[in-house]
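Engineer: Make a model of this:
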Amino acid sequence: MLLRSRAALAAILIATIPAVVSAQDRQSERTWTLNEQVPAGKWLRVRNVNGEVHVRASTSDRVEIVATKSWRRGDPKMVRIESRKAPDGSLLVCAFWTENATCTESGYRSNSEGRNNRDNDVAVDFEVRLPKGVNLGAWSVNGEVSVDGATGEVEAGSVNGSVDATSTGGPVQASSVNGSVHARMGRVPGDADLEFSSVNGSVIAEFAEDIDANIELSTVNGRFQTDWPVTITGRVDPRHLRATLGKGGRRVRLSTVNGNVELRKRS
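Structural biologist: Numbers count the residues shown, from 1 in each chain. The predicted structure follows:
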């Protein structure tokens, strides 16, 4: 069964994989490295389950990744990391905790058969160096995702962890369930809709240039803030705000349940 939502992915994977305990008494080792060329305009996608994903700019034209496993009582050999190069030059990197799982560009696939590593508390932290012009997808279930130094399109998400994603290009899409979301972009080419969301956490989106968009801001327990002059559409609702930036156009949606929602100008 293809897991298409963060909630569905969390329900299956979190049930079989214990949350990462504190760093005290944990062992760690660098267990996997990759050095691969990915052409500008193509995608690097990194999918993790238990652990963090940190992305920074590369000083070369090659993708460089170091994966570090840490554990207290688990067996690091039972967690595998695989990479696959697509015919167009895009690259997919995945970490697996269950022997029957598979991973594609669109998400994880799993079923109830096979042996699950219920007592395996291994975490995998990815350190990624991203070349100029390469688009990025970075996701984790239990762990924060941070992106700094990207120059192309970015998609970033977590279930239990904060998401902080910056691109001097764009666009950026970012989401979490239990964690704050902060997205920054230098420009927003095209007219694709943009969405930034959380359930338990504040949501902030920053744009460095003027943007024409129809915006939708929503929160249940929090407040709204915008640095942009907007034209409000409909009645003023303390939980749900619809407004127009500039001439309108693409939809930009920021939403959370517990947290503030902020639309900022980048200085």
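
Engineer: Helices of the protein, start to end?
Structural biologist: Here the chain has its helices, by DSSP state H, at 6-16.

Engineer: doesn't Ala67 make contact with Glu29?
Structural biologist: No - counting by Cβ atoms under 8 Å, Glu29 does not reach Ala67; the two are 10.0 Å apart. In short, each C-beta sits where N, CA and C put it, glycine included.

Engineer: quick one, which of the two is more surrounded?
Structural biologist: Ala67 (22 against 9; other Cβ atoms under 10 Å).

Engineer: neighbours around the closest residue to the more buried one other than its chain neighbours, how many?
Structural biologist: The shortest distance from Ala67 to any non-neighbouring residue, by Cβ to Cβ, 6 or more residues apart in numbering, is to Trp32 (4.0 Å). If you count neighbours by other Cβ under 10 Å, Trp32 ends up with 18.

Engineer: Pretty sure Trp32 sits against Ile81.
Structural biologist: Yes - if you go by Cβ under 8 Å, Trp32 and Ile81 touch, sitting 4.6 Å apart.

Engineer: Common neighbours of those two, please.
Structural biologist: Ala67 (Cβ atoms under 8 Å, 6 or more residues apart in numbering).

Engineer: any idea how far the residue of the chain most remote from its centre is from Leu245?
Structural biologist: Each residue of the chain has a distance to the centre, and by Cα atoms, centre = their mean the biggest one is for Arg235: 33.4 Å. Distance of Arg235 to Leu245, given as Cβ to Cβ, to the nearest Å: 19 Å.

Engineer: Ok, Ala86 next?
Structural biologist: Ala86 is 36 Å from Leu245, by Cβ to Cβ.

Engineer: Neighbour count for these two, which is higher?
Structural biologist: Neighbour count, other Cβ under 10 Å: between Ala86 and Leu245, Leu245 has more, with 21 against 13.

Engineer: so what's Arg73 scoring on pLDDT?
Structural biologist: With respect to pLDDT, Arg73 has a value of 85.

Engineer: likewise the one 4 residues further on?
Structural biologist: With respect to pLDDT, Lys77 scores 90.

Engineer: swap in Ala183?
Structural biologist: 97.

Engineer: ok, it touching Phe196?
Structural biologist: Yes - using Cβ under 8 Å, Ala183 makes contact with Phe196 at a distance of 5.4 Å.
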